[in-house]
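Asker: Provided below are the primary sequence and the corresponding predicted coordinates.
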Amino acid sequence: MHKALLAAACLALSSLPALAQELVLGAVVPLSGASATLGDDQRRGIELAVDKINEKGGLLGGKKLRVIVEDSGGRAPSALDAAKKLVTVDNVPVVIGEYSSGITIPVGQYLVQEGRVHLNIGSSSGKIRGLGDGSFSLIGLDNVSSGFAAQDVVDNKWKKAAVIVPNNAYGQGVAEQFQKAFAALGGEVVTTVMYTEGQTTYRRELQQMERSEPDVYVYSAYGKEAATINRESFELGINATPWYAIYLSMCTSDADPKFIQGQYGLDLNYIGPDGAAYEAAYKAKYKEPFKTSFNGYGYDAVMMAAAAIEKAGSAEPKAISAALKEIGNGYKGATGDITFDADRQRSKQPYLKLKIEDGVQQR
Amino acid sequence: MFEFLIHVSIMACLYGLLSLSLNLQVGFAGLVNFGQVILFGCGTYGAAIAFSHQLGPVAGIALGIVFAVVVAAAFARLGRNLGADYWGIATLAVAEVLRILANNEAWLTGGAQGVSGIPLLFGDKPRPMGPLMTLGLCVALLIAAWWLCQRLTTSRYGLALKLMREEPQLAASLGYDLAVLKTQTLMVAAVLAAASGFVFAHYITFVGPDQLVSSETFLIWAMVIIGGSGNHLGAIVGAILMQFLFAFVPFVKDALGLPSEYVAAMRLTLVGGGLLVFLMWRTQGLIPERIGGKQNG
């Protein structure tokens, strides 16, 4: 019945009868606004997965896969416009998205309420956990990455940490979760600084942290701001104390090698069996290395949804949701093994422990 | 499609309220408010704070109105010693300060993570009755707001506002207390914006500081300028037009088979380009202000 409806919707929408042979999914990502670079990278991952599936002959016996990617503009109202269009007009069973927690949450709530499948590929706020049945996270929420970082810091025998993160939903989540995990392991967060994005200098923040005399500086920052923080910590001489980055490549992509010499950190693991092929495909298509660390989740979301549709033998949201729960147990994704916990959130994420030597990340 | 149209209409009505509110300030009283979004935010946070303290929606709207009136009073107080343009900059600053407060005072506002799970207003009603009832409420609010604004501005009071806009010294010399006029206008406008914010919070079901960035204020400004500053109907038409254009740009993309990036670019062009076109060639907007006529009677 639903398949017939889907086909009818496709027919009604398009003047080309050939499109009735399509299977359509939806995605809402920020293609304009402050997070446009990230959103565009998410779109690349989605595109690569669609290409791969269609190369292999499509889904459900030869139906071509199409993902309608809508722009959220980085605004909740526009994102909801897009999600409602995808659900009520395009009648897609699965919607992938968004990037900012403040947008993912209302979009996810709406999709759950409509009985569709929601795949979170970019938000790490702990509140995503409560969205309800039908909402899955392919990205580890901030407790996962912060927990790993806390363990790694403790393993390095550092007891007193000073934390600096951006003052937004991501940063507040990381700071809170890191503090919790670090305290449970016997460490102490001696100071937490939330920086305002887009400042030209972070000297005041760095000096405030320095006064607490930490064993290690734990930070997570976006490219341009991270470059400023790294340069100024070098200038102030506080880089003599170890620095630990949560998402090392995000934190060091724009930095001069001499400012980040010797930094430790974690990053996503792209070296799974599927990961290497994916990385090669990305480089071949876009002629550059990974622009951000978020494209892989878009790829995995489409691949997992496709696998779930094949397994269920139907594009019905309930069937896809049930199949996803079965598949989401050691699924080999481009971002590593994907296993969902009881709340359908990615429970573990394989991270790399890295150290920077002479400007290069060493494992 | 039907449900999508209901959704777009609800959003259009909520923006219509905001646009009416801004138009009352800018178009009639000459109050160049660049902090409009925070008046809206008073409504959203009223709903959010009432929800997170289990106080129910009635307390939410009451709280929203109280916040809005307090902020409006603060805005008006700022205005006493400042010229119109400087006052505009000050409102922008106050709005940013309040947004940053909402971002940081997690104990009250939920911080950057916001407040989620705010219930739908008619969530217990079967579909499509729930969304239809929400739309009914929004339309009723919009009509009531329009009636109120119309009553205010077609009376002698409205003439006083216009006089204050055009010739503040003359208005003062005729015995009008400009500070009182400004405060009253701001408070009425703030309550309209807060009502919009309250319904928005219960419709989107999530409230966070990212909804209050200053670019949202300028979107409302674009609606007023395109629709016609100084005309209530113009403000509403501007809001509805922009909202429908925004919502239907993706369909143009689907029909023409354009890549998704074009939607993003097209939206930006629509707001920016549309605003420029109107500012340069049709400053009075789609529906111009009416001067004289019935208002003199």
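Answerer: That came through, no problem.
Asker: Going by C-alpha atoms from here, please, whenever you check contacts or count neighbours.
Answerer: Noted.
Asker: Spell out which parts of chain B neighbour chain A.
Answerer: Within chain B, the positions near chain A by Cα under 8 Å from any Cα of the partner chain are B:1-4, B:7-8, B:103, B:111-114, B:116-117, B:204-208, B:210-211, B:246-247, B:250, B:255, B:260-261, B:263-265.
Asker: Just the ones of the residues you listed in helices?
Answerer: When DSSP state H defines the helices, the subset of those inside them is B:2-4, B:7-8, B:103, B:204, B:246-247, B:250, B:255, B:261, B:263-265.
Asker: by contact count, what packs against the helix or strand harbouring residue A:217?
Answerer: Secondary structure assignment for residue A:217, by DSSP states H and E: strand A:216-219. When contacts are defined as 3 or more Cα pairs under 8 Å, 6 or more residues apart in numbering or on different chains; DSSP states H and E, strand A:216-219 sits against strand A:160-166, strand A:243-246.
Asker: Going by neighbour count, which of the residues of chain B next to chain A are buried?
Answerer: Listed as buried from these are B:3-4, B:7-8, B:103, B:111-114, B:116-117, B:204-208, B:210-211, B:246-247, B:250, B:260-261, B:263-264; burial here means 16 or more other Cα atoms under 10 Å in any protein chain shown.
Asker: What are the contacting residues of the strand holding residue A:217?
Answerer: A:158-165, A:241-246 (Cα atoms under 8 Å, 6 or more residues apart in numbering or on different chains).
Asker: Ok, which of the helices and strands packed on strand A:216-219 comes nearest residue A:58?
Answerer: strand A:243-246 (37.5 Å; Cα to Cα).
Asker: Could you name the helices and strands sitting against the closest one?
Answerer: Counting contacts by 3+ Cα pairs under 8 Å, 6+ apart, strand A:243-246 is packed against helix A:142-155, strand A:216-219, strand A:264-268.
Asker: and the first one, C-alpha only, in CSV?
Answerer: Extracted C-alpha coordinates of helix A:142-155, given in CSV (Å, rounded to 0.1, in the frame of the first residue of the first chain):
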residue,chain,number,x,y,z
ASP,A,142,29.0,13.9,23.2
ASN,A,143,29.2,11.4,26.0
VAL,A,144,30.9,8.9,23.7
SER,A,145,33.7,11.2,22.4
SER,A,146,34.2,12.9,25.8
GLY,A,147,34.3,9.6,27.6
PHE,A,148,37.0,8.4,25.2
ALA,A,149,39.0,11.6,25.7
ALA,A,150,38.7,11.4,29.5
GLN,A,151,40.0,7.8,29.5
ASP,A,152,42.9,8.7,27.1
VAL,A,153,43.9,11.7,29.3
VAL,A,154,43.9,9.6,32.4
ASP,A,155,45.9,6.9,30.7
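Asker: list the buried ones in it?
Answerer: By 16+ other Cα under 10 Å, the buried positions in helix A:142-155 come out as A:142-154.
Asker: show me where the stretch 151-300 of chain A has helices.
Answerer: Using DSSP state H, counting those that start in this stretch, the helices of the stretch 151-300 of chain A run over A:169-184, A:203-210, A:223-235, A:248-252, A:273-286, A:295-312.
Asker: Following element in sequence after the host helix or strand of residue B:142, please.
Answerer: According to DSSP H and E, residue B:142 maps onto helix B:129-154. As assigned by DSSP H and E, the chain's next helix or strand after helix B:129-154 is helix B:156-166.
Asker: Give me the distance between that following helix and the centre of its chain.
Answerer: Centroid displacement of helix B:156-166 relative to its chain, using Cα atoms, centre = their mean, to the nearest Å, is 21 Å.
Asker: repeat for stretch B:272-279
Answerer: With Cα atoms, centre = their mean, you get 20 Å for stretch B:272-279.
Asker: Roughly how far does residue A:259 sit from residue B:158?
Answerer: Per Cα to Cα, to the nearest Å, residue A:259 is found 63 Å from residue B:158.
Asker: what's around residue A:168, how many residues?
Answerer: 23 (other Cα atoms under 10 Å in any protein chain shown).
Asker: The one 3 residues further on now?
Answerer: One way to gauge burial is a neighbour count; for residue A:171, by other Cα under 10 Å, it gives 24.
Asker: Please name the spatially closest residue to residue B:186 (chain neighbours excluded).
Answerer: Nearest residue to residue B:186 in three dimensions, chain neighbours excluded: residue B:72, at 5.5 Å (Cα to Cα, 6 or more residues apart in numbering or on different chains).
Asker: ok, residue 35 - contacts?
Answerer: You didn't pick a chain, so chain A it is. Here residue A:35 is in contact with A:74, A:99 (Cα under 8 Å, 6+ apart).
Asker: switch to chain B, that's the one I care about
Answerer: Counting by Cα under 8 Å, 6+ apart, residue B:35 has contacts B:88, B:91-96, B:214, B:217.
Asker: redo that, cut-off 10 Å
Answerer: Going by Cα atoms under 10 Å, 6 or more residues apart in numbering or on different chains, residue B:35 touches B:22, B:75, B:88-96, B:98, B:212-214, B:216-218.
Asker: what's the answer for residue A:310, then?
Answerer: So residue A:310 contacts A:58-61, A:304, A:320, A:323 (Cα under 10 Å, 6+ apart).
Asker: just residue A:119 next, same as before
Answerer: Neighbour list for residue A:119: A:27, A:94-98, A:104, A:108, A:111, A:134-139, A:297-298, A:301-302, A:304-305, A:344-345 [criterion: Cα under 10 Å, 6+ apart].
Asker: Likewise for residue A:242?
Answerer: Per Cα under 10 Å, 6+ apart, neighbours of residue A:242: A:158, A:214-218, A:261-264.
Asker: Kindly state the pLDDT recorded for the residue in the stretch 101-250 of chain A that chain B sits nearest to?
Answerer: Proximity to chain B, evaluated over the stretch 101-250 of chain A using Cα to the nearest Cα, is greatest for residue A:169 at 4.5 Å. The per-residue pLDDT reported for residue A:169 equals 83.
Asker: Was I right to think it contacts residue B:111?
Answerer: Yes - between residue A:169 and residue B:111 a contact is recorded at 7.7 Å, counting by Cα atoms under 10 Å.
Asker: Flag every buried residue along stretch A:44-57.
Answerer: A:44-50, A:52-53.
Asker: Might you list the low-confidence residue ranges for chain A?
Answerer: Within chain A, the segments meeting pLDDT under 70 span A:1-20, A:269-274.
Asker: Spell out which parts of the stretch 101-250 of chain A neighbour chain B.
Answerer: A:101-103, A:105-107, A:109-110, A:125-128, A:130-131, A:167-173, A:194, A:196 (Cα under 10 Å from any Cα of the partner chain).
Asker: Can you report phi and psi for residue B:124?
Answerer: The phi/psi pair for residue B:124 (degrees, to the nearest 10) reads phi -80, psi -10.
Asker: how deep is it tucked in, by neighbour count?
Answerer: Residue B:124, neighbours per other Cα under 10 Å, totals 10.
Asker: which residues does the closest residue to it other than its chain neighbours contact?
Answerer: For residue B:124, ignoring the flanking residues on the chain, the nearest one in space by Cα to Cα, 6+ apart is residue B:130 at 7.3 Å. The contact partners of residue B:130, by Cα under 10 Å, 6+ apart, come to B:120-124, B:136.
Asker: repeat for residue A:158
Answerer: Counting by Cα under 10 Å, 6+ apart, residue A:158 has contacts A:150, A:152, A:187-188, A:214-217, A:242.
Asker: Which residues does residue A:267 form beta bridges with?
Answerer: For residue A:267, the beta-bridge assignment (DSSP bridges) gives partners residue A:352.
Asker: what comes up buried for stretch A:236-256?
Answerer: A:238-239, A:241-255.
Asker: what's the closest non-adjacent residue to residue B:85?
Answerer: residue B:32 (6.7 Å).
Asker: From residue B:284, how far off is that neighbour?
Answerer: 16 Å.
Asker: out of those two, which sits in the busier spot?
Answerer: The neighbour comparison of residue B:32 against residue B:284 (other Cα under 10 Å) goes to residue B:32, with 21 against 18.
Asker: residues touching the more buried one, list them.
Answerer: Taking Cα under 10 Å, 6+ apart, one finds B:22-23, B:25-26, B:83-89, B:91, B:221 in contact with residue B:32.
Asker: Okay then, goodbye and thanks.
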